[in-house]
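# only geometry, no sequence info:
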RNA sequence: GGUCCCAUCGUCUAGUGGUUAGGACACUGGAUUCUCAUUCCGGAAACAGGGGUUCAAUUCCCCUUGGGACUACCA
């Protein structure tokens, strides 16, 4: 039975790199009819953030990455780690170390100055049992360090193939901190074993410490799981994706209006592809098609351009009803929004409003400004929008367009048909002898106050006569 | 500094000894459209360098270069 786990530490938010790790672990487990477990690595009391676990769980659920087991909390398992630590000490695979952090700092400083790799000098390796008893009895704080075998280690990584590390290069890792909590290394190995994890899928940053973990498995007499180290997600400058250079929290992307389908699709393709030219994959399809051996070795730049495109694709796939529901939370964020603005709309109106903006949205947040002209009474015009070089529209042209359109639209009775509205305005265009855009652009801006919006005829049709005339007059006043 | 990992268009990538090196995003030209958008058609754009191995290397090996990760009583 295949079993994977996602093991984040609750430091505040779910990193998009973490989201991808979770996704791949989930996909691999589900594809093999296995189990996907959640474990919270909260052994560092200093880094604990209130509410982080809950938000982590919520984000995973939002993306439908539902776990079958857990979450289990490492902070509640200190006894277990301690038990194995004692076992390791007794067997000579680990030893107590009384070195203070001051001494350790000093030691590293000297090693660095001497161009030596910083590494514990094993001062406490051969402490006698008596000395240990005396010093610990006197209340002196100590840690437990792993005694790394001074030999070569070979292991296989599912993504990277055969790897080799030298024991002499590996530091004697702290297993139990002086506060009695385990470090990642011990807790991780113990839990993965006790949870019967078969495949450890994690970020490449863990590759250098994998030898320590494997030696731990061996020292405890356990069989190591299969390892798969995922390539890193990168900043545009190709360094490890970090907060400094943009949003890294999965929540940020949800808030910006990216659909879960687009995020999952996008994240999945950062380091994996099906080998065909298909681009659009749902979570279910990914479960079907994903394979660890098609995962890339090199890191991937987290580049949002394609995400925008994907998001547009998924937005266009939505029914107007669904999309309307998805948009609503983003409308609510707007200062001008009031619930009764939407409550008074008929289902048909809602539907046609959504339909009018669906093709133009890249994110859910894009809908709000485009929908605003339908929902509020007065707009605060941005005059610069009325001039448009490409359309050959300037202030005078805008005034001309508005002055001539308003009477024509005032006479017009039938606003139910875009065709009729079009005919009406085409006459104005012919009368003025201008290009379509020269008339339509200022009208569209007058009605929407937006650079991007539904088309002019559509706006007029959806707004109806009263609002259309009111808007055009208001805009004309404003320009003059 | 040390250890380890990695290397195809700007970006994500296909490719597993013989291809006009393919696709997507972005960019760009055009068509459709009532403007922006959407949609459609076209264009520019890559095998880091040097040695081998081979009849033949993007592909296999080595070196160089470049990039990255790790190097805590953080994960």
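Ah, there it is. Worth saying up front: this structure is predicted, and the values here are computed from it rather than measured.
# Now whichever residue of chain A sits closest to RNA strand B. Nearest residue, chain neighbours left out?
Nearest to RNA strand B in chain A, going by CB to the nearest atom of the strand, is residue A:455, at a distance of 2.0 Å. Heads up, the C-betas are built off the backbone N, CA and C, glycines and all. Of all residues beyond its chain neighbours, the one nearest residue A:455 is residue A:444 (7.2 Å), with distances taken as CB to CB, 6 or more residues apart in numbering.
# Could you say which helix or strand holds that neighbour?
Per DSSP states H and E: residue A:444 is located in helix A:436-448.
# and that helix, which residues are buried?
Neighbour-count burial for helix A:436-448, counted by 16 or more other CB atoms under 10 Å, picks out A:437-448.
# One more: stretch A:246-266?
Buried positions in stretch A:246-266, judged by neighbour count with 16+ other CB under 10 Å: A:248-251, A:253-266.
# do the same with stretch A:284-304
By 16+ other CB under 10 Å, the buried positions in stretch A:284-304 come out as A:286-287, A:289-290, A:292, A:295, A:299-300, A:302.
# how about those, which pair is most distant?
A:287 and A:299 (24.5 Å; CB to CB).
# Please name the bridge partners of residue A:3.
When bridges are called by DSSP bridges, residue A:3 pairs up with residue A:35.
# Unless I'm misreading it, residue A:392 sits right up against residue A:435, doesn't it?
Yes - contact criterion CB atoms under 8 Å: residue A:392 and residue A:435 qualify, at 6.7 Å.
# who's in contact with the closest residue in space to residue A:240 that isn't next to it in sequence?
Nearest residue to residue A:240 in three dimensions, chain neighbours excluded: residue A:232, at 5.4 Å (CB to CB, 6+ apart). With contact set as CB atoms under 8 Å, 6 or more residues apart in numbering, residue A:232 has these partners: A:17, A:203-205, A:240-241, A:299-300.
# ok, 7 Å please
By CB atoms under 7 Å, 6 or more residues apart in numbering, the contact list for residue A:232 reads A:203-205, A:240, A:299.
# now swap in residue A:172 and tell me
A:120, A:122, A:145-148.
# Residue A:452 too?
By CB under 7 Å, 6+ apart, the residues touching residue A:452 are A:360, A:370.
# Show the model's pLDDT score for it.
The score at residue A:452 is 87. That number is its pLDDT.
# my hunch is that it is in a strand, does that hold up?
No - read with DSSP: H, G, I helix; E, B strand; the rest coil, residue A:452 is coil and lies in no strand.
# phi, psi of it?
Recorded main-chain torsions at residue A:452 are phi -110, psi 130, according to degrees, to the nearest 10.
# what does the stretch 1-150 of chain A put close to RNA strand B?
The stretch 1-150 of chain A comes close to RNA strand B at residues A:7-9, A:41, A:43-44, A:46-47, A:99-101, A:104, A:108, A:115-120, A:141, A:143, as judged by CB under 7 Å from any atom of the strand.
# List buried members of these by neighbour count.
Applying 16+ other CB under 10 Å to those, the neighbour count classes A:7-9, A:41, A:43-44, A:99, A:104, A:108, A:120, A:143 as buried.
# between these, which is closest to residue A:225?
Of all those, residue A:225 sits closest to residue A:7, with 12.4 Å by CB to CB.
# burial count for the residue of chain A closest to RNA strand B?
14 (other CB atoms under 10 Å).
# Then residue A:112?
Count around residue A:112 with other CB under 10 Å applied: 11.
# Endpoint to endpoint, stretch A:164-182 covers what distance?
27 Å (CA to CA, to the nearest Å).
# Stretch A:125-143 now?
For stretch A:125-143, the first-to-last residue distance is 12 Å (CA to CA).
# how far out from the middle of the chain is that stretch?
Stretch A:125-143 has its C-alpha centroid displaced from the chain centroid by 47 Å (CA atoms, centre = their mean, to the nearest Å).
# same question, stretch A:142-151
Its chain's C-alpha centre and that of stretch A:142-151 lie 37 Å apart, by CA atoms, centre = their mean.
# so how far does that stretch reach from one end to the other?
OK, stretch A:142-151 end separation, CA to CA: 27 Å.
# So what touches that stretch?
Applying CB under 7 Å, 6+ apart, the external contacts of stretch A:142-151 come out as A:85, A:89, A:92-98, A:120, A:125, A:136, A:167-168, A:170, A:172-178, A:212, A:215-216.
# and if you look at stretch A:186-196?
With contacts defined as CB under 7 Å, 6+ apart, stretch A:186-196 is touched by A:3, A:5, A:37, A:39, A:41, A:43, A:74, A:80-81, A:84-85, A:175-176, A:200, A:213, A:216-217, A:222, A:225.
# what do you get for stretch A:416-425?
A:405, A:408-409, A:412, A:414-415, A:439, A:457-458, A:460-461.
# Which of those residues are buried, as a PyMOL select command?
Applying 16+ other CB under 10 Å to the contacts of stretch A:416-425 leaves a buried subset, and the PyMOL line that selects it is:
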select buried, chain A and resi 405+409+412+415+439+457+458+460+461
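# a markdown table please, covering the contacts of stretch A:416-425 and showing secondary structure.
Formatted as a markdown table, those follow (three-state DSSP):
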| residue | secondary structure |
| --- | --- |
| A:405 | helix |
| A:408 | helix |
| A:409 | helix |
| A:412 | coil |
| A:414 | coil |
| A:415 | coil |
| A:439 | helix |
| A:457 | helix |
| A:458 | helix |
| A:460 | helix |
| A:461 | helix |
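# filter the contacts of stretch A:416-425 by proximity to RNA strand B?
Restricting these to those near RNA strand B - CB under 7 Å from any atom of the strand - leaves A:457-458.
# which two in the contacts of stretch A:416-425 are spaced the farthest apart?
Within the contacts of stretch A:416-425, two members stand farthest from each other by CB to CB: A:414 and A:439, at 19.7 Å.
# Give the burial count for residue A:396, as a bare number.
10.
# re the thing from before, which of the contacts of residue A:232 count as buried?
Those of the contacts of residue A:232 that meet the buried threshold are A:203-204, A:299, by 16+ other CB under 10 Å.
# from the residues you listed, which are also near RNA strand B?
Okay, of these touching RNA strand B (CB under 7 Å from any atom of the strand), that's A:204, A:299.
# Show me what the host helix or strand of residue A:215 is packed up against.
Assessed by DSSP H and E, residue A:215 sits inside helix A:210-219. With contacts taken as 3 or more CB pairs under 7 Å, 6 or more residues apart in numbering; DSSP states H and E, helix A:210-219 sits against strand A:152-157, helix A:184-194.
# Export those as TSV, with columns for mean pLDDT and distance to RNA strand B.
Compiled in TSV, the helices and strands packed on helix A:210-219 are given as follows (pLDDT from 0 to 100; distance: least, CB to the nearest atom of the strand, whole Å):
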stretch	mean pLDDT	distance to RNA strand B
strand A:152-157	95	8
helix A:184-194	98	4
